[in-house]
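Visitor: task: produce atomic coordinates for the following.
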Amino acid sequence: MGQTTDLYKGLPENVKAFFDRQYEDSYRLLDASRHPRTGLYADAYMTLGDNPDQRCSIAATGVGLIGLCSADLEGWDPDAQEKAVVTLEALTGKIDGCRPAREENTGFFAHFVDMDTGANLNSEMSTIDTSLVVAGAMFAGEHFKATAPEISEMANQLLSEIDWSQVVADKDKGIINMVIKDGKGALPLTAYNEYVLTAWLAKVGNPENKEVQELWENTFSIDKITELPQIQYRNIQVLTDGKAEHFLSSFVHQFPFYLVPEYAESDVYRTFYENACMADRYKWKELNDVPSYVWGYGAGPNDGLHGGYHADKINQSPGNVASAYIVAGFLPVYPAGIHDLYALYRLQIPYDTYVNRGDVKDENKFRAAYRYGLHRYSWWHLEQPERWYPTKVTLIDWSSMLYGLTAFKRGMSFFTDRLKRSSRNA
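Guide: Below you'll find the model as predicted:
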């Protein structure tokens, strides 16, 4: 099954038992969100409802493909390879009755589609969501290449079918179009953000296009990272999007770390990544009555608590809802975070052992809300008679849990090696 890290080997047995359970559950949640016929993945796992949800997220499907690689490596799912084949067949239009909606001129996918038919569910043609599914496809293609080369072939087909030139809004300033309308890029967004992945895939997918290559070289290449917009928190220098006094949700820093190999291997980006982790942790320490193991500014749904979906960040976090998957995502630079997760599990969210004999309804809701472990929670509601129970877990945000735990046990090479090889072979 491959080598394990010294960090994993050195865990105390009780923490390791928790790690192993949470790690496998990070895949089980994804698998519970997969459509059995089409292999597409739902936008969210419904904690108190039926699964899979009918709404597929193209980005979540990319996460699902990487999850299948982890499951194959760990021996959790003997059908992981076959499932990856089915998913790629759906994405490339090879499954009867299922054609995931794409922009006809450029090949970009719609953000949300019907799980069964692939019909567009009134959503935009998204450059970042397309990037996330293509990255997942390339990852799976490389992982299963020796035994199922057709996955790599279909992944390369997806990469080559997309007109990546349309993501370029300003090649000199690193401005990337967020959507495609009528065959043209629209809604430009300034750097820095998770669209680093889009710029990298454009570079890989359109190597002959000068503007695409310059978009990367002028703004996103590793020797330009120090020139990206920055902001300070307690004298900690972190990357941002250039807006005054504007911090970014921690997932923005995590996606390029795991999905852009040059960034994962860059000492400069790693320093910024460590800083983003430190700033997140320190900001939580300013709050009253919050233990040190509670932190993580991530994105996710707040249904029934503080409005709907929100990307929490420093100074912009309604109700200060914490995201455990953000802690997991930072494990490569803050391995002590596994003990924070263990403390949260033992002291507050014992998701597999919780009992409330005086209120069976509460016990059932608690077990259902955290069936697959730690995710989004309100610290201030955990001790209240009427708790807030998260009604869903969005898969794209959950990805940090899977990625971080995989890297903690197997090392970052699990990500960098597969993505580097797949980009060279594209």
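
Visitor: which residues touch the helix or strand that Asn275 is a member of?
Guide: In this assignment (DSSP states H and E), Asn275 forms part of helix 267-285. With contact meaning C-beta atoms under 8 Å, 6 or more residues apart in numbering, helix 267-285 is reached by 222, 225-226, 233-234, 236-239, 247-248, 250, 253, 256-257, 263-264, 290, 292, 294-297, 314-315, 320, 322, 326, 330, 333-334. Where C-beta positions appear, they are placed from N, C-alpha and C, glycine not excepted.

Visitor: could you name the helices and strands sitting against the lowest-mean-pLDDT helix or strand in the chain?
Guide: Lowest on mean pLDDT, DSSP states H and E among the helices and strands of the chain sits helix 360-369, with a mean of 93. Contact partners of helix 360-369 among helices and strands, from 3 or more C-beta pairs under 8 Å, 6 or more residues apart in numbering; DSSP states H and E: none.

Visitor: and stretch 358-378, how far apart are its ends?
Guide: 23 Å (C-alpha to C-alpha, to the nearest Å).

Visitor: cool, and stretch 190-210?
Guide: Calculated as C-alpha to C-alpha, the first-to-last residue distance of stretch 190-210 is 20 Å.

Visitor: show me what counts as buried in that stretch.
Guide: Residues 190-206, 209 are the ones in stretch 190-210 that count as buried (16 or more other C-beta atoms under 10 Å).

Visitor: now, which of those residues lie within helices?
Guide: 196-205 (DSSP state H).

Visitor: closest to Leu305 out of those residues?
Guide: The shortest approach to Leu305 among these belongs to Leu197, at 30.1 Å (C-beta to C-beta).

Visitor: might you report the residue contacts of that closest one?
Guide: By C-beta under 8 Å, 6+ apart, the residues touching Leu197 are 128, 131-132, 135, 255-256, 259-260.

Visitor: one step back: so for the helix holding Asn275, what's the average pLDDT?
Guide: Computed over helix 267-285, the mean pLDDT rounds to 97.

Visitor: so for that helix, what gets flagged as buried?
Guide: 269-270, 272-281, 283-284.

Visitor: that older thread, so which of the contacts of Leu197 is the most crowded?
Guide: Among those, the one with the most neighbours (other C-beta atoms under 10 Å) is Ser131, at 31 neighbours.

Visitor: right, and it touches Thr198 too?
Guide: Yes: contact criterion C-beta atoms under 8 Å: Ser131 and Thr198 qualify, at 4.4 Å.

Visitor: okay, which residue of this protein is out on the far edge from center?
Guide: Residue farthest from the centre of the chain, counting by C-alpha atoms, centre = their mean, is Gly358 at 37.9 Å.
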